[in-house]
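[1] model this:
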Amino acid sequence: MKAIYLDCFSGVSGNMLLGAFLQAGVPESYLRDELHKLPMAGEYVLHVDTVQKAGIHACYADVRLSAGGHGHAHRTMRSIRTRIEDSTLSEAVKQKSIAVFEHLAKAEGKVHGTRADEVAFHEIGAVDSLVDIVGAAICLDYLDIERIFVSKINTGSGFVPCGHGTMPVPAPATAELLIGWETYQKGDHELTTPTGAAILRTLAEQEESLPKGFLTERIAYGAGTWDLDVPNVVRLFLGTYKGERKRAFCVLETNIDDMNPQIYGYLYERLLEAGAQDVWTTSIYMKKSRPAVKLSVLCDDAHRDTCVGIVFSETTTAGIRVLPLEARLEASRRMAVAETRYGAVSCKVCAWDGHISNVSVEYEDCRRLAEENGVPLKIVQREAMKEICTRLGE
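    Residues are numbered from 1 along each chain as shown. Here you go, the predicted model:
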């Protein structure tokens with residue numbers, strides 16, 4: 001499979017990634033043509049140049065606002081999602097772009113105590129970051145990249161001015177996005193931005209060095225803004241990866257005939273919060289024709305032991321079966337919003353092989369709007385489905 005490894009010894013930002021992708025072989029004309037599919041005509045100018053960073057020949061991509069542009073006006077997650085959805089970009093690019101912004105919204109929302117959809121983006125929501133994020137998705141799609149690996153990340157140090165005042169490096173949203181990842185602080189500048197961190201957190205997996213089975217075909221450099229003692233670049237290794245293709249999954253199963261059924265709802269919540277992909281129960285009969293429940297938990301190997309511990313501690317079982325799965329195929333998913341006369345309804349859009357495979361409306365949103373407006377639930381569901389399918393061209 002096609003893969004890239006990102007060496008972030010001098011941090012990572014959206015424009016650094018764009019520069020690296022361009023030097024790695026994405027035609028500049030192709031990137032510009034695809035970006036023009038966003039409804040942002042006249043709001044920005046993309047400058048691409050060749051630069052030297054401490055002796056390294058690198059590509060520098062710089063997004064500048066056009067005269068009269070309002071790239072740093074506040075935008076909510078909902079408006080950003082709508083802007084991307086209303087474009088003529090491919091479904092695969094839309095999926096990746098919206099997923100990255102949703103990670104940003106969750107991080108900003110947690111930092112500032114705001115719901116993700118209501119987060120007012122400042123630097124992150126400006127035109128330059130929209131171009132960086134969507135541009136990265138366009139480049140990944142062009143290069144047909146299936147796996148992204150990233151090194152330990154240098155965040156830099158010091159303080160940085162932003163819309164909420166002067167903040168320590170890494171910025172709060174960056175720090176939130178990189179929880180659980182190996183980072184270090186070297187240099188007196190902000191080297192990793194929230195946009196760069198969000199792209200990696202959403203689409204990449206961390207490896208200390210080039211993973212076993214990675215065959216490098218080309219190396220490219222994307223330049224950052226700073227002039228430092230070390231090259232302010234992100235180094236991109238482009239090649240093929242012959243290692244494991246997918247995460248290993250298993251199903252944990254156990255039969256229970258002597259437990260208070262009230263516990264199951266709590267058990268579901270604990271398992272899902274602990275990383276289980278799905279949890280379900282099946283009515284069965286055990287010995288002596290005794291009614292019972294078969295508990296099933298779908299999880300990957302990384303969360304298996306945690307889920308096993310929860311099942312043993314919260315249920316009355318004395319044994320768990322572990323059933324390995326050969327594979328688990330997943331359609332890509334993203335959230336969209338249907339604007340109906342009753343209010344906004346969140347919708348889940350699934351895609352397989354770059355094409356929309358299913359669209360579903362969120363039950364809780366429809367129920368709330370039905371109650372608030374005094375109309376049948378099915379009417380709200382029907383209108384939301386009609387609106388979102390019309391928008392998506394389905």
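
[2] Name the surrounding residues that touch stretch 258-271.
    Val279, Thr281, Val293, Leu295, Val297, Cys307, Ile310, Val311, Glu314, Thr315, Thr316 (C-beta atoms under 8 Å, 6 or more residues apart in numbering). Quick note: C-beta positions are derived from backbone N, CA and C, even for glycine.

[3] Would you format these as JSON lines with distance to Ile153 and pLDDT included?
    Formatted as JSON lines, those follow (distance: C-beta to C-beta, whole Å; pLDDT from 0 to 100):
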{"residue": "Val279", "distance to Ile153": "33", "pLDDT": "97"}
{"residue": "Thr281", "distance to Ile153": "41", "pLDDT": "97"}
{"residue": "Val293", "distance to Ile153": "45", "pLDDT": "96"}
{"residue": "Leu295", "distance to Ile153": "39", "pLDDT": "97"}
{"residue": "Val297", "distance to Ile153": "33", "pLDDT": "97"}
{"residue": "Cys307", "distance to Ile153": "29", "pLDDT": "96"}
{"residue": "Ile310", "distance to Ile153": "31", "pLDDT": "96"}
{"residue": "Val311", "distance to Ile153": "35", "pLDDT": "97"}
{"residue": "Glu314", "distance to Ile153": "37", "pLDDT": "97"}
{"residue": "Thr315", "distance to Ile153": "40", "pLDDT": "97"}
{"residue": "Thr316", "distance to Ile153": "45", "pLDDT": "96"}
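
[4] what bits of the stretch 201-350 of the chain have low per-residue confidence?
    Scanning the stretch 201-350 of the chain with the threshold set as pLDDT under 70 gives 244-246.

[5] all strands for it, in order.
    For the stretch 201-350 of the chain, strands defined by DSSP state E, counting those that start in this stretch occupy the ranges 205-206, 214-223, 233-241, 249-256, 278-286, 290-300, 321-325, 332-340, 343-352.

[6] got a list of what the most centrally placed residue in the chain touches?
    The chain has Thr202 as the residue nearest its centroid, 3.1 Å off, counting by C-alpha atoms, centre = their mean. By C-beta under 8 Å, 6+ apart, the residues touching Thr202 are Lys96, Ala99, Val100, His103.

[7] related to what we said a few turns ago, mind checking which of the strands of the stretch 201-350 of the chain is nearest Pro194?
    Nearest to Pro194, of all the strands of the stretch 201-350 of the chain, is strand 233-241, at 15.5 Å by C-beta to C-beta.
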